[in-house]
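Colleague: Provided below are the primary sequence and the corresponding predicted coordinates.
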Amino acid sequence: MNSRLAIAIRGAVQGVGMRPEVYRIATSLGLSGNVCNTGDHLMIEAEGPPSALENFLIALRNAPPPIKVHSLHCESIAPQGELTFSIKSSQCQSTAATQIPRDVAPCRRCIQEVVTPTNRRYLYPFITCSECGPRFSILRTLPFDRASTSMAEFMPCDDCSGEYADPKDPRFHAQTISCPACGPLLQLYSEGQAGPIDGHAAIVECARLLLMGKTVALKGIGGYQLLADASNEATLNRLREGKVRPGKPLPLMFGSIQDVYDLCYVKKEEHSLLTSSAAPIVLLQRRSQPSKIISPQVAPFSPHLGAMLPSSPLHHLLLRLIKRPLVATSGNRHGEPIYTTEVQATARLAGLADAWLVHNRAIEHRIDDAIVRIWQGKTQVLRLGRGFAPLAIPHHLSQGPMILAAGSHEKNTFAVTTPSHIVLSQHNGDLSTIAALSMYRQEAQSFAHLLKLSIDATIIDLHPDDQFGHIAQSAQPILAVQHHHAHALSCLAEHGATGPCLAFAWDGTGYGSDHSIWGGEVLHIEGIQSRRVGHLRTFPLPGGDKAAQEPRRAALGLLYEIYGADAFAVCPQLSAAFTALEKSVLLAALNSNINAPRSSSVGRLFDAVASLLGICQKTLYAEQAAVALEDLARGASSTRNYMISILPPNALGAVVLDWEDMIRNVVKDVDSGACKRSIARGFHVALAQTIITLATKCDLAAVALTGGVFQNTLLLDLVSQVLTSKHCKVYIHGSVPSGDGGLAAGQALYGMLASQVKGANPCV
């Protein structure tokens, strides 16, 4: 006798070929019934022998990537005696959705087809199937159906319609199906060109221009990219000047995985990431003797290269002609969001780009490339981008208000909450311009629309400048949370925890609850309760914000705290980094306590030590000094012995991490000519030992390591191994960035926890 099951599946089941996969499994097992997309989940009714239904459930749970089944709930219902299995039209439910489908890089089958001369999609730059292609970047509403995307403008031809309806075809129910006869059109415009070049000829001309040293603005999956020959130093110099990006590493796109091996050391896990359906930028160690040459201007101050493989068929076809790595950086001017329309790109990139390779498929959501790395065999996301965002983080809290967490002003992401998840947005960049703020507001409102949310409250950073600057719906109730508390909760949210734990929240700058600049915090975290139980000893930052760009100023602040007006005399190397006038002005400012705010920032401590070692006095990008110091330390064959003193609790009950003895010894060792690598290693070991000492002394079983400082993998190595051996639970970031790019997740968790407090009205 046949049985019938009603099955609800939640997870990454939108836009990943799940409905065709369900159909194929069901028909192979002789089952009848149907599958329907509701926007929030897939609903399946399957009827057949109990043994076949059991095998059906096993197959669903083990569906191949990029499908990810997070939950499967089934119950028995009355058999209906159907004879066939079908895919029903999607049903739009009123309840909030959770999973927004992510963009998927072209699969091997599509790439094979696009280079096969006998295939009808030969050299077609917009080839997709049910398993790959744009998703989030073209999405207007859920569920993910063609009519809900910017592909709605392209009516499938008879051939494509036939493939769509054929269960045996790889494009069965592929919502983005198209071909040269009915799909998007490609054109190339260049200066001095009489008219556009169409189709594959546009790709050929684009390749020719790039090999001539030209810069091309290419309309990619989630926005425009600026492409340039990675071996052409003059071209990259012009690109850096136009982008106002003097030193930050530029990402590289390679045509094949073997090309990556020619320049970088690639571990097994890194290989898997590079070739994954997300196609992210993966940080890799450079080869000491590469078999191919690229310009030093690609990454002049970094031991790593950011490598990626083509993220679209268009990129595949272009790299196939170029046969060399390309710089592929975001298509925008400094301080502005990446451009998504031809009007924006041609107007704003004029004078920077020499040509524009464009198409007429609209981009609904900007999304940049994700940046990831492998640490101890696990993926760590440094920037949430295509293939990794939007990120749905499950929670188990009872339903409260729907929350928008505004995130940070720099490296922004925002988050919204649903009854079951915190949904973290893609990287939005720095919100320092009107254009960036406008993009931010539009995207936040779009998320609420996609997920069918009515935002009840907004959570923002405690900093007064963030109170009203970039929230999306200022009419909503607002709650502010301290920066480092939010950092700690962002780490806990990823691990499904709320505390209690001891959180080391170390970064460059965060507004403290005492109105000072924090950045080296030790916090006792238990939900919405945060107690500052320790912090780095404060020191002045002459010039305030300028110290973040000039490590020499942080070093001067440290030495002034110890030696006063003799600061330059005790360290000739630091003295040489300033002019006589600068010394006079800065010492006067420090003596008068003018524009020299005190800070507990571990980020600035890193900068200061890099300055004292003479490896970085002024930075060209934010992480330059810290990256250089870590790289120096990794090359050490010995370690200098330093210690950070842990002073007894102060009047506020917080221990102070006193760096004075360590800095005195660093200055002495530099003066005596000690190995700089050993000094850098000793500095890292001292920080790690401080964390280990405090963690083992406290009565908490869990420790969270959060904030931008913990992008430092050497520090993570030194701390995690020891604490794990002591049976301490260590929370470390993986899918949520440890820096400000993950802050919104912690803000969102704070808002949800606050709403659970009995009798509390946290949103006021």
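Modeller: Happy to help now that I have it.

Colleague: which parts of the stretch 301-450 of the chain are helices?
Modeller: In the stretch 301-450 of the chain, helices defined by DSSP state H, counting those that start in this stretch lie at 313-322, 342-348, 434-450, listed in chain order.

Colleague: same check, this time on the stretch 601-750 of the chain
Modeller: If you assign secondary structure with DSSP H, counting those that start in this stretch, the helices in the stretch 601-750 of the chain sit at 602-612, 624-634, 660-672, 676-697, 713-725, 743-756.

Colleague: and those as CSV, adding mean pLDDT?
Modeller: Supplementary listing: the helices of the stretch 601-750 of the chain in CSV, determined by pLDDT from 0 to 100:
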stretch, mean pLDDT
helix 602-612, 97
helix 624-634, 96
helix 660-672, 97
helix 676-697, 97
helix 713-725, 94
helix 743-756, 94
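
Colleague: out of these, flag the one nearest Arg537.
Modeller: Proximity to Arg537 (C-beta to C-beta) singles out helix 660-672 among the helices of the stretch 601-750 of the chain, at 7.2 Å. In short, each C-beta sits where N, CA and C put it, glycine included.

Colleague: compute the inter-axis angle for the closest one and helix 676-697.
Modeller: 170 degrees (axes from the mean of the first three to the mean of the last three C-alpha atoms, to 10 degrees).

Colleague: next, the buried residues of helix 660-672.
Modeller: Of the residues in helix 660-672, those scored as buried under the neighbour-count criterion (16 or more other C-beta atoms under 10 Å) are Met662, Ile663, Asn665, Val666, Val667, Asp669, Val670.

Colleague: re earlier: quick one, which of the helices of the stretch 601-750 of the chain is nearest to Arg19?
Modeller: The closest of these to Arg19 is helix 743-756. By C-beta to C-beta, the value is 30.2 Å.

Colleague: show me how far the closest one is from its chain's centre.
Modeller: Helix 743-756 sits 20 Å away from the centroid of its parent chain (C-alpha atoms, centre = their mean, to the nearest Å).

Colleague: give me the helices and strands touching it, please.
Modeller: strand 403-405, strand 415-417, strand 421-424, strand 457-461, strand 478-481, helix 483-494 (3 or more C-beta pairs under 8 Å, 6 or more residues apart in numbering; DSSP states H and E).

Colleague: buried stuff in it?
Modeller: For helix 743-756, by 16+ other C-beta under 10 Å, it's 743-755.

Colleague: JSON lines for the helices and strands packed on helix 743-756, including distance to Cys206 and mean pLDDT?
Modeller: Supplementary listing: the helices and strands packed on helix 743-756 in JSON lines, determined by distance: least, C-beta to C-beta, whole Å; pLDDT from 0 to 100:
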{"stretch": "strand 403-405", "distance to Cys206": "40", "mean pLDDT": "93"}
{"stretch": "strand 415-417", "distance to Cys206": "38", "mean pLDDT": "95"}
{"stretch": "strand 421-424", "distance to Cys206": "35", "mean pLDDT": "94"}
{"stretch": "strand 457-461", "distance to Cys206": "43", "mean pLDDT": "92"}
{"stretch": "strand 478-481", "distance to Cys206": "47", "mean pLDDT": "90"}
{"stretch": "helix 483-494", "distance to Cys206": "40", "mean pLDDT": "97"}
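
Colleague: please name whichever of those is nearest to Thr84.
Modeller: Of all those, strand 421-424 sits nearest to Thr84, with 34.9 Å by C-beta to C-beta.

Colleague: pick the most buried one from the helices of the stretch 301-450 of the chain.
Modeller: Among those, judged by mean count of other C-beta atoms under 10 Å, the one packed with the most neighbours on average is helix 313-322 (a mean of 22).
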